[in-house]
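Engineer: Following is a predicted model, sequence given first.
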Amino acid sequence: MEKLTGHNKLRTAVFISGTGSNLKNLIKFSKIKKTPISINLVISNINNANGLRYADKFNITKKIFNFEQVKDTEKKVLILLKKKRINLICLAGFMKILSKNFINKFDGTIINIHPSLLPKYKGLNTHARVIENNDKFAGCTVHYVTEKLDSGKIIMQKKIKVTAKDNPTSLAKKVLQQEYKLYPAAIMKIFN
Ligand code: GRF
């Protein structure tokens, strides 16, 4: 396949709500030679989300929408995405659920990273549930976003062992380290 250059890379928006370590990692990935993406927009529903500082640091347009009036907000977001010619949305710790209408109207691909081995543990508190259930394995999943929460087609997963010493915090740390490898790998898988 012909290599994507700065002009024909997938114009990507990353949606965040918090720390933004996956955003930071995706920005790093967008700077390597073989990357298929450029990050052109960061959207947050939280106005002081830590991750927004990476948008500042790397000179990426950032916009905050509170998503309280979901319909109105989504309309505005769709207009912005069109204006910025975005064709890939990466959800990275984004804590709002996008509507069916938004997903259908967006002219491109939407993917998400989730900190569990889907279809196990959709939703929140994934690591605590792994520990509670004495699971032998934990992990993370990159999947397409559909109207059903954490249920779209799986693109890639990474499995790690849970040890007797693990608690939700230690597990979250270990899984996050894997997320940094998995999200770029999944993007390479679908777009290269
Ligand atoms: C990650 O574990 C991600 O899988 C989940 O939320 C966390 C976000 O972390 N959806 P960060 O904001 O990217 O640091």
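Structural biologist: That came through, no problem. Keep in mind that what you see is a predicted model, and the values were worked out from it rather than measured.

Engineer: and whichever residue of the chain sits closest to the ligand, which of the three is it?
Structural biologist: Closest to the ligand within the chain is Gly93: 2.7 Å, counting by C-beta to the nearest ligand atom. C-beta: built from backbone N, CA, C; applies to glycine. Put simply, Gly93 is coil when judged by DSSP: H, G, I helix; E, B strand; the rest coil.

Engineer: biggest helix in the chain, by residue count?
Structural biologist: helix 168-191 (DSSP state H).

Engineer: ok, it near the ligand or not?
Structural biologist: Yes - contact of helix 168-191 with the ligand (C-beta under 6 Å from any ligand atom) involves 176, 179.

Engineer: tell me which residues in that helix are buried?
Structural biologist: Buried positions in helix 168-191, judged by neighbour count with 16 or more other C-beta atoms under 10 Å: 168, 171-172, 174-176, 178-180, 182-184, 186-187.

Engineer: what's the answer for stretch 110-125, then?
Structural biologist: Using 16+ other C-beta under 10 Å as the test for burial, stretch 110-125 gives 110-118, 120-121.

Engineer: For the ligand, tell me which of these show up nearby.
Structural biologist: Among the buried residues of stretch 110-125, the ligand is touched by 113-115 when using C-beta under 6 Å from any ligand atom.

Engineer: can you put the residues you listed in JSON lines and add pLDDT, distance to Gly152 and secondary structure?
Structural biologist: Formatted as JSON lines, these follow (pLDDT from 0 to 100; distance: C-beta to C-beta, whole Å; DSSP: H, G, I helix; E, B strand; the rest coil):
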{"residue": "Ile113", "pLDDT": "98", "distance to Gly152": "12", "secondary structure": "strand"}
{"residue": "His114", "pLDDT": "98", "distance to Gly152": "10", "secondary structure": "strand"}
{"residue": "Pro115", "pLDDT": "98", "distance to Gly152": "16", "secondary structure": "coil"}
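
Engineer: residue boundaries of the helices in this protein?
Structural biologist: All helices of the chain, identified by DSSP H, fall at 21-30, 52-57, 70-83, 100-105, 126-132, 168-191.

Engineer: what residues does the third one touch?
Structural biologist: Applying C-beta atoms under 8 Å, 6 or more residues apart in numbering, the external contacts of helix 70-83 come out as 13, 41, 43, 63, 65-67, 89, 96, 98-99, 101-102, 105-108.
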